[in-house]
Structure formats: C-alpha cells, structure tokens
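# Structure, please.
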Amino acid sequence: MTKKLIISIFLGLFFLGVLQVGARGEASLNSANLPLDSLYYLYLEKLTGLGFLRVTPGAKPYTRMQIAKWILDVKAAIVDSERELSPYVQTLIAELETEFSKELAIIQGAEEKNQIEFRRLAWSTAYYDGQTLSQSYTKSSYQPLNINNNGDQLALKFNSRVSFNLEGEINDLLLVSLTPELSYNEEDQYQLNLESGYFKTGFSNLSLQFGKESMWWGHGRRGSLILSNNSRPQLMMKIANLEPFRLNGWFSLLNEMNTTFFISEPDRYRNDVAETSFIGGRFDFSPTKDLTFAVVLTSIVGGKGRSVGWDDLDDFLLGRNAGTTDAERWDSIAGFDFAWRLPKINNLILYGEIYGEDQAGSLPPLPSKIAGVWGIYFPRLSVDGSWDLLVEGATTSDAWYRHWVYTDGYVFRDQIIGDAMGCDSGRWLLRLNHYWTDGTQVAFNYESLVMNRSAADSKTLHSLWITGRTKICPDVALISTIGWSVTKQSEDSKSDYLLELILAKLF
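Numbering: from 1, shown residues only. So this is what the prediction gives:
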C-alpha cells in the first residue's frame with residue numbers, strides 16, 4: 001500500500017469526523033505523552049477501581065493534558081462523594097498533582113511558557129541468569145521474566161542502563177520529547193540508543209506526531225494481543241484527536257469518541273518481504289463513565305512487489321485475503337476490546353480483547369481465527385481498597401502472528417508486536433497488590449504460560465516475581481523486582497532468575 005494512499009485515508013477520516021463535530025468543553029491543548037513504564041498508570045488504575053475516575057480508553061500512552069483533566073475529575077468526584085479518603089489514596093492524588101502541576105496550572109488559566117526541560121533521569125541495573133527462548137512459527141524470541149520492555153533483551157549476568165528524558169515546547173505549535181539511553185553488559189559492551197523521540201504539534205482538535213514511541217492498545221495488563229511495548233518502537237507518523245468528541249444522530253448514544261491512526265516507515269529488518277509498512281487505526285467509545293470499548297485494526301502491508309492501490313481498499317477493509325502467495329499483500333489483525341466497571345459489585349472491573357488474525361470478509365467485517373484476553377480486577381479486597389487482586393487469562397491459536405507470505409510473522413526486530421507469548425499459546429496471571437500509607441506499593445505476581453502448545457518443542461513456564469515501588473525522597477522513586485521462573489520442556493526443566501533495581505529522579 002502506498003504511503004500517499006494511507007495518509008489520504010487517515011486524513012480524510014479525521015476531517016470528516018473529528019473536525020466537523022468539534023471538541024468537548026474548553027479549548028484543546030497539545031501536550032507530551034506519558035511513557036508506558038510510568039508508575040502513574042498504576043495510580044490511574046487504582047483511582048478507577050475506587051470509583052473516583054471514569055473508565056479510561058484503551059489507547060495508550062495518554063497525554064499529560066489528558067491526565068491533568070482526569071485529576072480534576074477525580075477531585076470533583078471526591079467532593080461529590082463526601083467520602084473520607086484513606087491516607088494512601090491522599091498520597092497517590094498528591095503525587096499526581098505534583099507531577100502534573102504545570103498542566104493543571106495551564107488548565108486553570110496560567111500562561112504557558114515555551115521551554116525544554118529535564119523530565120526524568122533513570123538508572124537501572126539487572127542481574128539475569130536465564131534463557132532466551134526461540135518461538136515457533138515466527139522470527140521472534142522470549143525471555144522469561146523480561147517482556148514488555150521496549151524490545152530490550154537482557155544479557156547474562158549484569159546489565160546496566162542510564163537514560164534521561166528531555167521534553168518541552170519549542171514554540172506555540174511544536175513540542176519535542178527525547179529519551180536517549182546508554183546501556184552496558186558483558187556481551188555487547190556499551191551501546192547508545194534513542195529509546196524514544198518524537199515531534200508533536202496540534203491544531204483545532206487534531207494532534208500530529210512524528211517519531212518513535214511505544215504504544216499499547218487494549219486493556220490487558222500483562223499483554224495486549226494487537227499492540228504492546230514488547231518490541232522496539234517503530235518510526236511512525238501518528239494522528240489522534242486532542243479532545244474526545246461526540247457524533248450526531250443515533251450515534252450520539254455512543255457519547256464520547258477518541259480516534260488514533262498511524263503508519264510506520266518501511267521495515268528494513270524483515271527477511272521475508274522488503275520494505276513493508278505497519279499501519280493501524282483505533283476508534284474508542286465511552287457510552288458511560290463505567291464502560292469503554294474500541295474497534296481496532298492493524299496490518300503489516302505492502303512491500304517490494306506487493307503494492308496496494310485504491311482498487312484494493314474494499315478488500316483490505318473487509319479483510320478479504322488473496323488466493324495465492326503472489327497476490328497476497330497484507331497481514332491484518334482486527335477486532336474489539338472493552339472495559340466495564342460494575343459499581344454495584346464493589347466497582348469490580350471486567351475487561352477483554354477479542355481479535356481475529358484475519359477477518360471473515362463479511363460486511364460488517366467480523367474477526368475469524370479468534371484469540372482473546374479476559375480479566376477481572378477486584379479493586380477492594382480490603383475495606384479501604386489498599387489490597388486488590390487481578391486475574392487475567394489469554395489465548396492465541398496456531399494461526400496467530402504467523403503468515404504464509406510475511407513469514408517472519410507479526411514482529412519488529414525479532415520481537416512480537418502484540419502479546420509476548422506468541423503463537424498457539426495460553427497464559428494465566430494472578431497479581432495481588434498492596435498500598436501502604438506513604439504510597440509504597442508491593443505486587444506479588446504468579447504466571448502460568450504454555451508456549452506453542454501444538455509444537456513438538458512446546459514449553460510450560462511457571463513464574464513468580466515480586467515488584468516493589470516506593471519514594472525514597474519526594475522526587476526519587478525506587479523500583480525493585482525479584483523473580484524466579486522454571487521452564488519445562490519434555491523431560492527437562494530449567495530455572496531463570498532476575499534481580500532488578502531502578503532509581504528514577506523526577507524533575
């Protein structure tokens with residue numbers, strides 16, 4: 001598919017939808033994105049479970065301005081509820097107000113000053129005594145205890161990384177975010193890498209971003225079937241609306257809507273088809289404050305000798321595949337995801353993802369060769385909610401992440417773009433979490449994973465890990481993880497170990 005065609009489609013959808021209906025409420029403001037590894041996502045998850053925040057859309061990262069507005073919603077909900085806050089909840093809200101103080105001030109009328117500043121400085125060290133497992137059917141690998149890490153693979157023994165985030169507004173229309181990283185291990189020695197970096201601008205109700213940054217689409221906590229930060233971020237152009245907007249007529253029942261589209265640069269790392277592009281589109285709807293759902297499609301498309309034109313558009317959108325390898329020109333995944341809070345059952349949250357490796361070619365297009373993620377979040381195991389529990393399951397079939405033409409699979413730089421477990425696999429996750437008065441959080445995790453179930457080299461992994469997060473002073477966070485995993489294959493078994501410490505200073 002040619003870039004001109006894709007860009008024309010995306011821009012056309014936006015101008016027909018977003019710009020015609022307009023934004024909700026006050027004027028929209030462009031802002032930087034919150035990285036996916038930020039602990040503030042956990043804070044938002046907790047506040048949602050306590051009923052102070054609406055169920056947020058499944059397209060991450062969120063922008064800093066989005067989160068600032070949600071903080072104001074949280075404070076308003078607290079006033080309306082007249083509930084006495086537990087000390088740990090007060091701590092979480094106070095930390096959010098401190099981190100997003102600049103955005104909160106702008107919303108409340110302060111003058112915005114264009115400046116570029118340090119946002120975060122982080123140092124991590126990890127000791128890893130474990131395997132790198134080759135996955136069947138796709139050109140990808142899996143490291144027990146080390147997934148969803150922007151494609152960073154751990155070497156044996158010690159690994160160390162230093163990174164910082166430089167972020168801010170160049171002028172009234174353009175902002176920049178850069179996160180360089182210097183890493184060291186005994187195998188690769190020193191490496192300097194741009195972990196993420198992008199330019200972003202906004203006008204009317206439209207945000208346009210160019211650069212590399214990880215995205216997460218869906219509500220799965222341990223993995224997302226369609227788009228996660230398990231692989232390295234790709235260089236891409238992304239278009240999204242700045243503010244939720246409303247549709248007219250019967251569609252007004254869907255209430256708020258958010259849209260996101262992207263197209264990546266041609267992939268130079270594939271061995272199957274040269275210069276493929278990766279594209280995606282997502283429509284999030286929030287009919288009520290307790291329900292959000294999305295319609296999503298991503299595709300590895302085109303490449304040398306496999307160009308796509310306007311006359312292929314209907315087949316592409318309806319998921320009709322070619323009958324021969326010579327004629328095949330895309331590998332698509334599409335489907336739905338949702339999150340639903342049940343206020344009458346102690347704000348229990350149900351969420352799920354239902355996607356098809358291909359669509360059935362029907363109208364409307366429906367997923368086939370289905371895989372799924374499903375989860376239940378119990379936000380109040382204790383009266384004050386300081387203890388909570390997450391139960392999550394996921395499964396993929398033997399059709400998933402593989403393709404007869406794009407034989408490397410649904411990967412970028414040898415890592416699955418979606419759920420790290422890969423093709424024909426299933427997993428269960430239990431996470432028991434506790435917050436202390438000062439905001440310190442400790443999570444106890446257990447995962448059972450069966451990889452490549454139908455293959456001769458099928459593997460079963462049982463993993464246990466504990467993650468602790470605390471502030472050792474007001475602007476320095478300490479995150480520590482200790483984990484053990486055992487892999488069983490045929491009559492053999494092997495253990496893997498991880499110990500990791502991260503110090504992050506916030507400016």
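# contacts and neighbour counts: CA atoms only from here.
Noted.
# Cys423 is in contact with Asn452, correct?
Yes. At 6.0 Å, Asn452 counts as touching Cys423 under the criterion of Cα atoms under 8 Å.
# okay, those two: which has more neighbours?
Cys423 (27 against 23; other Cα atoms under 10 Å).
# residue contacts, the more buried one?
136-138, 396-402, 451-452 (Cα atoms under 8 Å, 6 or more residues apart in numbering).
# mind redoing it with 6 Å?
396, 398, 400-401 (Cα atoms under 6 Å, 6 or more residues apart in numbering).
# Name the SS class of it, please.
The three-state label given to Cys423 by DSSP: H, G, I helix; E, B strand; the rest coil is coil.
# Quick check, pLDDT for it.
Here the pLDDT value assigned to Cys423 is 95.
# measure it to Arg329 for me?
21 Å (Cα to Cα, to the nearest Å).
# next one: Ile67
39 Å.
# between the two, which one's more packed in?
Applying other Cα under 10 Å to Ile67 and Arg329 shows that Arg329 carries more neighbours, namely 25 against 21.
# how about the more buried one, what does it touch?
301-302, 306.
# mind checking the SS state of Ala77?
Ala77 - assigned by three-state DSSP - is helix.
# The lowest-mean-pLDDT helix or strand in the chain: what's the following helix or strand?
Within the chain, no helix or strand scores below helix 3-21, which has a mean of 46 by mean pLDDT, DSSP states H and E. Note on helix 3-21: by DSSP states H and E, the next helix or strand toward the C-terminus is helix 40-49.
# I figured Ile376 hits Leu350, correct?
Yes. With contact defined as Cα atoms under 6 Å, Ile376 and Leu350 form a contacting pair (4.8 Å).
# where do the helices sit along the stretch 251-400 of the chain?
Secondary structure of the stretch 251-400 of the chain (DSSP state H, counting those that start in this stretch): helices located at 313-318.
# Low-confidence bits of it, can you list those?
Along the stretch 251-400 of the chain, the parts satisfying pLDDT under 70 run over 359-366.
# Swap in 80 and give it another go.
The stretch 251-400 of the chain contains residues with pLDDT under 80 at 251, 307-325, 327, 358-368.
# Give me the contacts around stretch 479-496.
129-130, 459-469, 497-502.
# Now do the strands in the stretch 401-507 of the chain.
Here the stretch 401-507 of the chain has its strands, by DSSP state E, counting those that start in this stretch, at 411-412, 415-416, 426-435, 441-451, 459-473, 476-489, 492-506.
# and of the ones you listed, who's closest to Asp315?
Relative to Asp315, the nearest member of the strands of the stretch 401-507 of the chain by Cα to Cα is strand 411-412, separated by 23.2 Å.
# mind listing what that closest one pairs with, with the direction of each?
strand 415-416 (antiparallel) (DSSP bridges).
# Check the offset of the strand it pairs with from the chain's centre.
14 Å (Cα atoms, centre = their mean, to the nearest Å).
# and if you look at stretch 31-47?
Counting by Cα atoms, centre = their mean, stretch 31-47 comes out at 11 Å from the chain centroid.
# go on, stretch 217-226?
On Cα atoms, centre = their mean, the centre of stretch 217-226 falls 7 Å from the chain's centre.
# who touches that stretch?
So stretch 217-226 is contacted by 58-59, 227, 418-419 (Cα under 6 Å, 6+ apart).
# what about Leu499, how many residues close to it?
19.
# how near is it to Glu447?
Distance from Leu499 to Glu447, by Cα to Cα: 17 Å.
# circling back to that earlier point, Phe336: which of the contacts of stretch 217-226 is nearest?
Gly58 (10.6 Å).
# With that, I have no additional questions.
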